[in-house]
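Q: model this:
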Amino acid sequence: MTEQKPLQDAGIQRSETDPIRRFFVRPVFLGLTIGIPFCIFKLIFGLTAIRENSPGIPFVPVLGWLIVTWAIADLLMNTGRSLLDLLHRQAWFEYCTIAQLGQVVGKPTVFLAIDTLISFSIICAMLWTGWITQLNPVESFLWYAATTMNLISLSLVSLYNEIQRADR
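A: Numbers count the residues shown, from 1 in each chain. Here you go, the predicted model:
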């Protein structure tokens with residue numbers, strides 16, 4: 001019987017001998033199905049905020065530019081990690097700027113979870129403010145593609161985990 005070494009990603013133990021599980025925790029899978037869709041949500045939210053022209057709240061476009069800058073930085077980080085993974089190289093940076101800040105205090109996964117909460121809050125804000133109806137066709141396509149990629153990948157991982165649990 002061979003000993004299985006645990007594979008750690010985001011605090012979850014995985015078996016190195018299971019190729020499907022190994023794929024699900026690879027940076028290229030995580031970046032393409034979670035990180036980059038979150039960057040698209042942030043980017044579109046920021047662009048929509050820039051277009052918002054409310055006399056009572058003039059800071060919204062400025063906030064929009066900050067969010068666009070943040071989204072682009074995160075997009076570069078996720079793309080970089082995915083490319084490095086495809087080249088079989090270890091990344092020296094996190095998936096996003098907030099997790100990179102978490103790296104400074106030794107808690108990158110906690111800060112990554114905070115980024116996830118903010119990203120989901122952005123999705124909710126787009127829906128509840130009605131800004132989702134203001135998207136142009138390209139933005140709508142990107143929003144739908146990001147949502148589809150994110151939800152389908154989450155469903156695949158959940159389904160796989162449940163099948164594995166049932167087989168035990």
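
Q: Can I get stretch 35-51 as CSV, trimmed to CA atoms?
A: Provided in CSV are the C-alpha atoms of stretch 35-51 (Å, rounded to 0.1, in the frame of the first residue of the first chain):
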residue,chain,number,x,y,z
GLY,A,35,-10.5,34.2,-10.5
ILE,A,36,-11.0,35.6,-14.0
PRO,A,37,-14.8,35.5,-13.8
PHE,A,38,-14.6,37.5,-10.6
CYS,A,39,-12.3,40.0,-12.4
ILE,A,40,-14.9,40.3,-15.1
PHE,A,41,-17.6,41.1,-12.5
LYS,A,42,-15.4,43.7,-10.9
LEU,A,43,-14.4,45.2,-14.2
ILE,A,44,-18.0,45.5,-15.4
PHE,A,45,-19.1,46.9,-12.1
GLY,A,46,-16.4,49.5,-12.2
LEU,A,47,-17.2,50.5,-15.8
THR,A,48,-20.9,50.8,-14.9
ALA,A,49,-20.0,53.0,-11.9
ILE,A,50,-17.9,55.2,-14.1
ARG,A,51,-21.0,55.7,-16.4
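
Q: in that stretch, what counts as buried?
A: 35-50 (16 or more other C-beta atoms under 10 Å). Where C-beta positions appear, they are placed from N, C-alpha and C, glycine not excepted.

Q: ok, and what's touching it?
A: The contact list for stretch 35-51 (C-beta atoms under 8 Å, 6 or more residues apart in numbering) reads 60-61, 63-72, 74-75, 77-79, 81-82, 95-96, 115-116, 119, 122-123, 125-126, 131, 134-135, 139, 142-143, 145-147, 149-150.

Q: next one: stretch 55-72
A: Stretch 55-72 is touched from outside by 39-40, 42-43, 45-54, 97, with contacts defined as C-beta under 8 Å, 6+ apart.

Q: Show the low-confidence segments of the protein, by residue range.
A: 1-16 (pLDDT under 70).

Q: Work out for me the element Ile122 sits within.
A: Element membership for Ile122, per DSSP states H and E: helix 108-129.

Q: Brilliant, that's me finished.
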